[in-house]
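Colleague: my questions concern the predicted model and sequence given below.
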Amino acid sequence: MATQYQSNQGWANRPRQDAPRITLTTADIRLKDIPATLFSDIAQEKAATVFQAGEGKKNKSTQLRRFYDELVMWYERVQFERTPAERATKYKELAPFIQMLVAKVAYAKGREHVDECFETLFAHLVRQISDADSLRHAKLFMEAFMGFYKAQEK
């Protein structure tokens, strides 16, 4: 008696049973009128959400670190100036390049290095940068976020 094997094509037509989609809210991430817990509880919550959303396949800390490092580089170029007026002028000169980080994170998402949660978080953060002070706050938020994210990996 011959055994019959069912084709694998039947599996391809079945709906996938994916895990529930993880969403990230960004309303509490404000670079003006900063919440007292922005660099602690909020950063920790966002790190946990982004880590969970990556499912160990996306949002690797080395990839996220690249975005943090570039943000720090722009921050340092602005902070290198001596006076607040010079920093404001330097920020205006560099603002288009800082805002280009939104496109870079979209590209990384397209290449499946990061997921929608991180793209949403990082783009929201960058779009709020409007001067040297908000650039500093964005850098500090990402610094806290990265610390909590690394702790999630352990």
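Modeller: Right, received. Where do you want to start? Just so it is clear, the model here is predicted, and its values are computed rather than measured. Numbering: from 1, shown residues only.
Colleague: buried residues in stretch 53-62?
Modeller: Residues 53, 54, 58, 59 are the ones in stretch 53-62 that count as buried (16 or more other CB atoms under 10 Å). Quick note: C-beta positions are derived from backbone N, CA and C, even for glycine.
Colleague: so the first one versus residue 95, what's the distance?
Modeller: The one in question is residue 53. As defined by CB to CB, to the nearest Å, residue 53 lies at a distance of 29 Å from residue 95.
Colleague: re earlier: between the buried residues of stretch 53-62, which is nearest residue 105?
Modeller: If you rank these by distance to residue 105 using CB to CB, residue 59 comes first, at 11.3 Å.
Colleague: thinking again about what came up before, farthest pair in the buried residues of stretch 53-62?
Modeller: The farthest-apart pair in those, when distances are taken by CB to CB, is 53 and 58, at 7.8 Å.
Colleague: any common contacting residues for the two?
Modeller: Contact criterion CB atoms under 8 Å, 6 or more residues apart in numbering; residues bridging residue 53 and residue 58 by contacting each: 115, 118.
Colleague: what about the protein, any weak spots by pLDDT?
Modeller: Flagging of the chain using pLDDT under 70 yields the residue ranges 1-20.
Colleague: just checking, what packs against the longest helix anywhere in the chain?
Modeller: If you go by DSSP state H, the chain has its longest helix at helix 132-153. With contacts defined as 3 or more CB pairs under 8 Å, 6 or more residues apart in numbering; DSSP states H and E, the packing partners of helix 132-153 are helix 43-54, helix 61-79, helix 84-99, helix 116-127.
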